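>>> Just need the structure, nothing else, for what follows:
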Amino acid sequence: MKRILFPTDFSEAATNAFVHALEFANSVDGELVLLHAFDLPVFDNQYFPENYMIIYESVELSQFEMFKDELPKLRDIAQKRNLDAVKMTHRLMDGGLLYNIEKTIAEDQIDYIIMGTEGASGWSKLFLGTHTTDVISDVSIPVLSIPLKAHYKSVKNIAFTTRYRPKDKAALREVIAIAKKMKAKVRLVYVKTSYSDVKKETMKEWETEFAGEPVEFSVIYSDDVKESITDFILFKQISILAMLTYKRNFFESLFHHSLTQDYASELDIPILAIPIK
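Next up is the predicted model:
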């Protein structure tokens, strides 16, 4: 059974993402691990208050009470969507979000992370200056980011952008496995520009290797990568965009696909970031 980590601050963006997390867990026969992390007050040792433990316990108690109050709301959402059979466990942890995510990944053997983001006005905002940036940059498992305005729809088509690098194949297999669970098709797209160096023989080798899989290969000849991918996503009615994140430079990978703010504002769809190891 796949284990899906769902970090939440109980915001509107997180609640919207919870629906996606439920549906994803149901599709892949998975279970959800709900994580709420909070920071305790930090004091300079020189001015360490005598009542620190009282403050500590007060903050911890208030977080616990909020956690306890919010969980029934999430269970109600699951019940209304007839997904209350999806197994859910809970973690309330003090400390930084990224630290606790990495700790939970190790201790609970997490396979995927699903996070909400308020970067609905553009994918540049979705990644820049958010917790999502840190998580995608640091973890070694796929992260599905859900913009606030990306309301859940049944997943029929998953776009997979590639430059036909050898390491991309492992990511494609990961996406194919997810697509099969969702009964969806993978729409692989490569934008061949005037300066592209991928040979036709390489593309043919990929088509042969993945023959029989639910993958459709598309090559677009254009120097306008941004416009080409935008049109592809809209024309093919893409539900999720799968991107590769090269650990040596996440932002280089991100902007290679020309995912600028004006491009992003047209789409508002979930992004599946798959690390290349």
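>>> CA only for contacts and neighbour counts going forward, please
Fine.
>>> Is residue 186 part of a helix or strand, or is it coil?
Per DSSP: H, G, I helix; E, B strand; the rest coil, the local secondary structure of residue 186 is strand.
>>> do the one 3 residues further on as well
Local secondary structure at residue 189 is given as strand here, using three-state DSSP.
>>> Check the one 5 residues further on too.
In the three-state summary, residue 194 is assigned as coil, counting by three-state DSSP.
>>> Please name the residues that touch it.
Residues in contact with residue 194, defined by C-alpha atoms under 8 Å, 6 or more residues apart in numbering, are 222-223.
>>> ok, now residue 215?
With contacts defined as C-alpha under 8 Å, 6+ apart, the neighbours of residue 215 are 176, 185-188.
>>> let's see 7 Å
Under the criterion of C-alpha atoms under 7 Å, 6 or more residues apart in numbering, the neighbours of residue 215 are 185-188.
>>> where's it relative to residue 139, distance?
27 Å (C-alpha to C-alpha, to the nearest Å).
>>> got any ranges where the stretch 1-150 of the chain has weak pLDDT?
Per-residue confidence of the stretch 1-150 of the chain (counting by pLDDT under 70) places the weak regions at 39-64, 119-134.
>>> hey, where'd the helices end up in it?
Remark: helices of the stretch 1-150 of the chain, listed N- to C-terminal, are 12-27, 52-80, 97-108, 123-127, 131-138; assignment by DSSP state H, counting those that start in this stretch.
>>> Which one (most neighbours) among the contacts of residue 215?
Comparing the contacts of residue 215 by number of neighbours (other C-alpha atoms under 10 Å), residue 186 comes first, having 26 neighbours.
>>> So residue 115 sits against residue 6, correct?
Yes. With contacts defined as C-alpha atoms under 7 Å, residue 115 counts as touching residue 6 at a distance of 6.2 Å.
>>> who does the most centrally placed residue in the chain bridge with?
By C-alpha atoms, centre = their mean, the chain has its centre lying nearest to residue 144, at 1.4 Å. Beta-bridge partners recorded for residue 144 (DSSP bridges): residue 114, residue 272.
>>> Now do the same contact list for it.
Residue 144 makes contact with 113-115, 270-273, according to C-alpha under 7 Å, 6+ apart.
>>> switch to 6 Å and redo it
Residues counted as contacts of residue 144 (C-alpha atoms under 6 Å, 6 or more residues apart in numbering) are 114, 271-272.
>>> How are the helices of the stretch 151-277 of the chain distributed by residue range?
Read by DSSP H, counting those that start in this stretch, the stretch 151-277 of the chain holds these helices, from start to end of the chain: 168-182, 200-209, 225-235, 250-256, 261-264.
>>> Okay then, goodbye and thanks.
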